[in-house]
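Novice: could you work out the structure for the sequence below:
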Amino acid sequence: MSGALAATSAGASAPAVQPTETLPILHRDDFLVAVHKPSGLLVHRSVLDVHEERFAVQILRDQLGRHVHPVHRLDKGTSGVLLFALDRETAALVSSAFERQAVRKTYLAVVRGHPPAEGVIDHPLTRRFDDAERRPETAAEAPAQDAVTHFRRLAITELPYQVDRYPTSRYALVELSPDTGRRHQIRRHLKHISHPIIGDATFGKGRHNRLFGELFGVSRLLLACTRMQLAHPHTGAALDLGTPLAEDFAHVLDALGWTDAAKAA
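Specialist: Numbers count the residues shown, from 1 in each chain. Have a look, this model is predicted:
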């Protein structure tokens, strides 16, 4: 080994390895970090999707070089604001705020049909369990939980395509604010009022999902958390965390002429 090479090897540290994937950071302080989660990304590992190798927790941990603690969840298909705590104490405080319904979350969704101008969906939902939770042996052990979602219709359209029995198909842009945080609450509530979200393979309509794929080139769930408001768990300061829509979601709204309606929400 030459002298110059030996000196470099002994005296210089190797350059830090840069993460191969990063998440856009919306807010960061000593206790919290909020990111924009893209559609198609799990928050953490799940036995329901054992082949998935990308997780928001892992990506953000590598990006920041430290442990992070998710304090709420977004479905794999949902994009938007995702909040993490940087220590266990903060995680417990923020999780408590979610449980007390002290966190306001705002979502945008594209749905089938023309729902009322505004309303409240007050419909209890049976509990859906986390991977590690003990599941009851009988349905009687898991009664339905209170679940409330407020909604406001922002825009409507009628497309000249026959999907069901009618010669045209109706769709709407809806703003939603859930009081409670039941698993898949918004998706299940919109199905309950017969206005399922476009792109929802579980609770939606495949024919409408396929039409949006053909027209706009999107197959994702058209649901996004665009805003989250809460008091900082340590300082009490008001946090207002917002994010623009992902490019594929924004493309659909632009094609339907709904961009201004979404911005005005």
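
Novice: so which helix or strand takes in residue 228?
Specialist: Secondary structure from DSSP states H and E places residue 228 in strand 223-231.

Novice: just how off-centre is that strand within its chain?
Specialist: 9 Å (CA atoms, centre = their mean, to the nearest Å).

Novice: how about that strand as CSV, C-alpha atoms only?
Specialist: Written as CSV, here are the backbone C-alpha positions of strand 223-231 (Å, rounded to 0.1, in the frame of the first residue of the first chain):
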residue,chain,number,x,y,z
LEU,A,223,-57.7,9.5,-0.1
ALA,A,224,-55.2,11.9,1.5
CYS,A,225,-54.6,13.4,4.9
THR,A,226,-53.9,17.0,4.0
ARG,A,227,-53.9,18.7,7.4
MET,A,228,-53.3,17.8,11.1
GLN,A,229,-53.8,20.3,14.0
LEU,A,230,-52.8,19.7,17.6
ALA,A,231,-51.2,21.3,20.6
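
Novice: quick one: low-confidence ranges for the stretch 101-250 of the chain?
Specialist: In the predicted model of the stretch 101-250 of the chain, residues 128-142 satisfy pLDDT under 70.

Novice: residue ranges for the strands of it, please.
Specialist: Using DSSP state E, counting those that start in this stretch, the strands of the stretch 101-250 of the chain run over residues 104-112, 118-122, 148-159, 169-178, 223-231, 238-242.

Novice: among those strands, which comes closest to residue 195?
Specialist: strand 104-112 (4.3 Å; CB to CB). For glycine as for every other residue, the C-beta is placed from the backbone atoms N, C-alpha and C.

Novice: list the buried residues for that closest one?
Specialist: Going by neighbour count (16 or more other CB atoms under 10 Å), the buried part of strand 104-112 is 105-112.

Novice: report the angle between it and strand 223-231.
Specialist: With axes from the mean of the first three to the mean of the last three CA atoms, to 10 degrees applied, the angle from strand 104-112 to strand 223-231 works out at 170 degrees.

Novice: report the contact partners of residue 108.
Specialist: 154, 173-176, 223-224, 226, 245, 249, 262, 265 (CB atoms under 8 Å, 6 or more residues apart in numbering).

Novice: mind putting those residues in TSV, distance to residue 238 and neighbour count included?
Specialist: Compiled in TSV, the contacts of residue 108 are given as follows (distance: CB to CB, whole Å; neighbours: other CB atoms under 10 Å):
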residue	distance to residue 238	neighbour count
154	25	19
173	27	22
174	26	24
175	20	19
176	22	22
223	25	27
224	22	28
226	17	21
245	23	21
249	27	25
262	23	20
265	19	15
